[in-house]
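Peer 1: Need a 3D model of the sequence below.
(one chain, ligands or ions: 1)
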Amino acid sequence: MRIVLVGPPGAGKGTQAAYLAKDLVIPHISTGDLFRANISQGTDLGKQAKALMDAGELVPDEVTIGMAQERMSQPDAEGGFLLDGFPRNVAQAKALDEWLSAEGRKLDAVLDLEVPEDEVVKRIAGRRICRNDSSHVFHVEYSKPENEGVCDICGGELYQRGDDTEETVRTRLEVYHTQTEPIIDHYKAQGLVSTISALGKVTEVTERAMAALQADKV
Ligand code: AP5
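Peer 2: Numbers count the residues shown, from 1 in each chain. Coordinates of the predicted model:
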């Protein structure tokens with residue numbers, strides 16, 4: 001399956017993507033994670049992305065679209081993928097449509113995670129991420145690691161993302177409403193969108209997501 005996950009910052013896209021990608025046996029492709037990997041490796045792309053990410057603004061489309069296409073072209077993504085954080089505006093959505101059509105492929109579903117803004121702020125404020133692997137995500141209250149500051153999965157150090165400050169979160173939410181939300185209508189016109197509540201336990205949200213994806217397949 002080729003799936004796009006959409007939702008505000010902190011909705012739980014990365015958390016859900018880890019479970020869904022495992023269940024569906026497709027790679028989880030997060031443009032945010034790809035940028036963060038470039039930042040930690042000190043690449044030119046990482047240098048270009050860092051200031052924008054710290055400010056909560058989008059990285060330019062020319063850079064992002066090329067990076068996403070390169071990742072989607074890798075052999076492990078041939079049978080499908082789960083996109084998290086891409087596309088993030090209508091221009092990126094149109095570029096994805098064109099790229100898929102040129103490849104003779106299409107999207108199967110767009111899963112829209114709905115969560116109230118006050119919950120998003122709580123989730124982001126308490127989020128902690130592993131330095132070794134950004135798919136290892138914890139929360140100081142909702143998903144506590146056994147030992148404070150240490151990843152349960154690999155023992156790596158947990159840290160708080162540079163863009164998880166109160167001020168940046170406000171900008172990220174505004175960018176989400178003005179630039180990203182319009183992609184939901186873009187995909188509704190293609191009959192691809194399933195909206196689910198992202199409230200409740202992580203496992204409950206995963207069940208809801210899987211049920212919506214199964215319904216899309218029928
Ligand atoms: P990106 O990394 O994509 O960040 P985001 O969209 O803001 O989303 P987050 O990673 O903040 O949240 P999430 O929904 O994944 O939540 P999570 O699962 O971690 O992008 C960062 C930046 O990169 C952008 O601002 C931009 O600058 C740049 N960028 C990326 N892609 C781009 C693109 N396509 N174009 C241009 N620029 C781009 O969960 C959050 C917390 O909640 C965690 O602590 C988790 O444990 C907890 N949690 C999750 N689910 C639950 C639950 N059900 N109950 C309780 N707690 C929960």
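Peer 1: In contact with the residue in the chain that the ligand sits nearest to, which residues?
Peer 2: Of the chain, the residue with the smallest distance to the ligand, taken as CB to the nearest ligand atom, is Gly32 at 1.9 Å. The C-beta positions use only the backbone N, C-alpha and C, and glycine is treated the same way. With CB atoms under 8 Å, 6 or more residues apart in numbering as the criterion, the residues that contact Gly32 are Gly14, Met53, Asp84, Gly85.
Peer 1: Next, count neighbours for the last one.
Peer 2: What that stands for is Gly85. By other CB atoms under 10 Å, 23 other residues sit near Gly85.
Peer 1: Also Asn38?
Peer 2: By other CB under 10 Å, 19 other residues sit near Asn38.
Peer 1: and what of Asp76?
Peer 2: Other residues near Asp76 number 12, with proximity taken as other CB under 10 Å.
Peer 1: what's near enough to touch the residue nearest to it when sequence neighbours are not counted?
Peer 2: Distance criterion CB to CB, 6 or more residues apart in numbering; nearest residue to Asp76, sequence neighbours excluded, is Pro27 at 5.0 Å. Pro27 makes contact with Ala21, Gln74, Asp76, Ala77, Phe81, Leu82, according to CB under 8 Å, 6+ apart.
Peer 1: Just put these in a markdown table and tack on distance to the ligand.
Peer 2: Written out in a markdown table, the entries for those read as follows (distance: CB to the nearest ligand atom, whole Å):
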| residue | distance to the ligand |
| --- | --- |
| Ala21 | 13 |
| Gln74 | 17 |
| Asp76 | 20 |
| Ala77 | 16 |
| Phe81 | 14 |
| Leu82 | 12 |
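Peer 1: Sort out for me which of these are in strands.
Peer 2: Phe81, Leu82 (DSSP state E).
Peer 1: Got the phi and psi for the residue lying closest to Gln190 once chain neighbours are set aside?
Peer 2: Take Gln190 and drop its neighbours on the chain: the residue closest to it by CB to CB, 6+ apart is Leu107, 7.6 Å away. Dihedral angles phi and psi of Leu107 (degrees, to the nearest 10) take the values phi -80, psi 150.
Peer 1: what's the answer for Val193, then?
Peer 2: The phi and psi values for Val193, taken as degrees, to the nearest 10, are phi -90, psi 130.
Peer 1: I figured the residue nearest to Gln190 was touching Ser101, is that so?
Peer 2: No - the criterion here is CB atoms under 8 Å, and Leu107 misses it with Ser101 at 10.3 Å.
Peer 1: Those two: who's more crowded?
Peer 2: Set side by side, Leu107 and Ser101 show unequal neighbour counts under other CB under 10 Å, the larger going to Leu107 at 17 against 10.
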